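Asks: Structure, please.
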Amino acid sequence: MLTYLMAALTIIAAALSCLDAYRKMSVRPITLMRTAASLFTALFVFLYGTWFYLSVFLKYVFAVVYFLICAVALRKNKSPRNRRFHFSVGQLLIIGILDILYFTGTVCEQGTASLSFPLKSGNYLVMQGGKGLPTNFFHYSYRGAVFAMDITKLNRWGNRANRVFSTNLNDYAIFSDTIYSPCSGIVRRVHDDNPDNRPPTRKRGPSNTNQVLIEGENFYVFLAHLKFKCVFVAEGQHVKTGTPLGLVGNSGFSLEPHLHIQAHRNSGTGKAWYQEEPLLILFSGKSYRLFDPIRAQPN
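Replies: Reported below is the predicted structural model:
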């Protein structure tokens with residue numbers, strides 16, 4: 001199962017990073033490259049690790065343990081062998097680039113859509129998102145959805161479900177959460193005839209996925225994977241920011257319950273909404289990346 005594999009790889013990578021720090025950490029000039037490679041690798045594990053499958057709090061535990069091990073290693077001030085210098089250079093370059101791209105992404109220029117966060121009760125997490133590769137890998141080439149976001153909810157233990165993986169939809173904290181309109185506009189498309197899939201089934205329904213498409217003044221907003229027969233609005237309806245739209249479900253091509261949201265410019269040229277320019281979503285003026293937390297602010 002992919003979920004268990006990703007969780008296991010995160011823990012293994014964290015353990016190896018700590019071991020690497022103990023073996024390589026040094027302030028001697030000849031070993032600075034290895035030290036830098038170890039630090040960038042630990043940062044990679046911290047940023048890209050799928051901690052939310054277990055608990056997002058574990059990433060901070062890892063950071064504390066890693067730096068404690070660094071302190072112990074530096075205090076010993078040993079002289080590690082330098083046989084793997086070339087490997088450390090390659091490791092530093094590859095991992096360092098990925099660390100930088102986490103913050104910058106690969107799409108340098110983008111328009112933006114300023115929205116209200118569509119969920120109102122609790123702590124949430126961006127499962128996929130960011131400015132292109134590598135943090136938004138799965139959305140990058142799908143119908144121009146380069147800036148699309150997948151959002152899940154965290155429970156009080158810092159994970160998104162009662163178990164690492166569950167086939168019970170009610171185990172997921174976000175399932176049946178109310179979705180509120182992130183903007184004012186006209187509802188242009190509604191579907192809620194797709195049954196919710198039992199994880200990990202990702203069967204598309206008769207209309208692909210339950211969805212709401214809103215046409216705002218300057219952009220379109222598309223929300224997907226809503227719950228079966230739980231959309232509250234109708235096509236042609238005018239909605240305001242904060243109007244309840246429906247409930248989060250697991251319809252369509254979705255591994256587990258979450259909310260998919262993307263925005264595209266409304267150019268008025270008659271193009272299909274998904275063929276328009278994709279826009280970077282801002283919630284309260286802030287953009288979010290892969291695994292960023294979002295704390296909802298109830299109205």
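Asks: Chain neighbours aside, what residue packs nearest to Ala173?
Replies: Distance criterion C-beta to C-beta, 6 or more residues apart in numbering; nearest residue to Ala173, sequence neighbours excluded, is Lys153 at 4.1 Å. Using the backbone N, CA and C atoms, a C-beta is placed for each residue, glycine as well.
Asks: Over to that neighbour: give its phi and psi.
Replies: The phi and psi torsions at Lys153 (degrees, to the nearest 10) take the values phi -120, psi 140.
Asks: Could I get the pLDDT score of it?
Replies: pLDDT, Lys153: 98.
Asks: Count the residues that sit near Ser207.
Replies: By other C-beta atoms under 10 Å, the residues close to Ser207 number 15.
Asks: pretty sure it is touching Asp193, no?
Replies: Yes. When contacts are counted by C-beta atoms under 8 Å, Ser207 is listed as touching Asp193 (5.9 Å).
Asks: re the thing from before, quick check: bridge partners of the residue nearest to Ala173?
Replies: Beta-bridge partners recorded for Lys153 (DSSP bridges): Tyr124.
Asks: Could you count how many residues lie near it?
Replies: Lys153 is flanked by 23 other residues according to other C-beta under 10 Å.
Asks: List the contacts of it.
Replies: With contact set as C-beta atoms under 8 Å, 6 or more residues apart in numbering, Lys153 has these partners: Leu119, Gly122, Asn123, Tyr124, Leu125, Arg160, Tyr172, Ala173, Ile174, Asp177.
Asks: between the residues you listed, which is closest to Ile214?
Replies: Ile214 lies nearest to Leu119 out of the contacts of Lys153, by C-beta to C-beta, at 15.5 Å.
Asks: Thought Ile151 was touching that closest one, still the case?
Replies: Yes. Judged on C-beta under 8 Å, Leu119 makes contact with Ile151 at a distance of 6.9 Å.
Asks: Those two: who's more crowded?
Replies: Per other C-beta under 10 Å, whichever of Leu119 and Ile151 has more neighbours is Ile151, with 24 against 21.
Asks: Common neighbours of Leu119 and Ile151, please.
Replies: Here Leu119 and Ile151 share the contacting residues Ile174, Leu259, scored by C-beta under 8 Å, 6+ apart.
Asks: Domains in this structure, by residue range?
Replies: Domains of the chain are assigned by automatic domain parsing as 2-104, 111-295.
Asks: where among these is the average confidence lowest?
Replies: Sorting the domains of the chain by mean pLDDT places domain 2-104 lowest, at a mean of 87.
Asks: That one spans what distance, first to last residue?
Replies: One end of domain 2-104 sits 27 Å from the other (C-alpha to C-alpha, to the nearest Å).
Asks: Pick the most deeply packed of the domains of the chain.
Replies: Greatest average neighbour count among the domains of the chain goes to domain 111-295 (a mean of 19), per mean count of other C-beta atoms under 10 Å.
Asks: Pull the distance from it to the chain's centre.
Replies: 12 Å (C-alpha atoms, centre = their mean, to the nearest Å).
Asks: which SS state does the nearest residue to Gln128 once chain neighbours are set aside fall under?
Replies: The spatially closest residue to Gln128, leaving aside those adjacent along the chain, is Asp150, at 4.3 Å (C-beta to C-beta, 6+ apart). State at Asp150, reduced to three classes by DSSP: H, G, I helix; E, B strand; the rest coil: strand.
Asks: So Asp150 is in contact with His258, correct?
Replies: Yes. Using C-beta under 8 Å, Asp150 makes contact with His258 at a distance of 5.0 Å.
Asks: who touches both of those two?
Replies: Common contact partners of Asp150 and His258 (C-beta under 8 Å, 6+ apart): Met127.
Asks: Can you spell out which helices and strands pack onto the longest helix seen in the chain?
Replies: Taking DSSP state H as the criterion, the chain has its longest helix at helix 2-24. Of the remaining helices and strands, those touching helix 2-24 by 3 or more C-beta pairs under 8 Å, 6 or more residues apart in numbering; DSSP states H and E are helix 32-48, helix 57-76.
Asks: tell me how far the shortest one is from the chain's mean position?
Replies: Mean-position distance between helix 32-48 and its chain equals 21 Å (C-alpha atoms, centre = their mean).
Asks: So what touches that helix?
Replies: 10, 13-14, 17, 20-21, 24-27, 59, 62-63, 66, 80, 82, 84-85, 88-89, 91-92, 95-96, 98-99, 102, 290-291.
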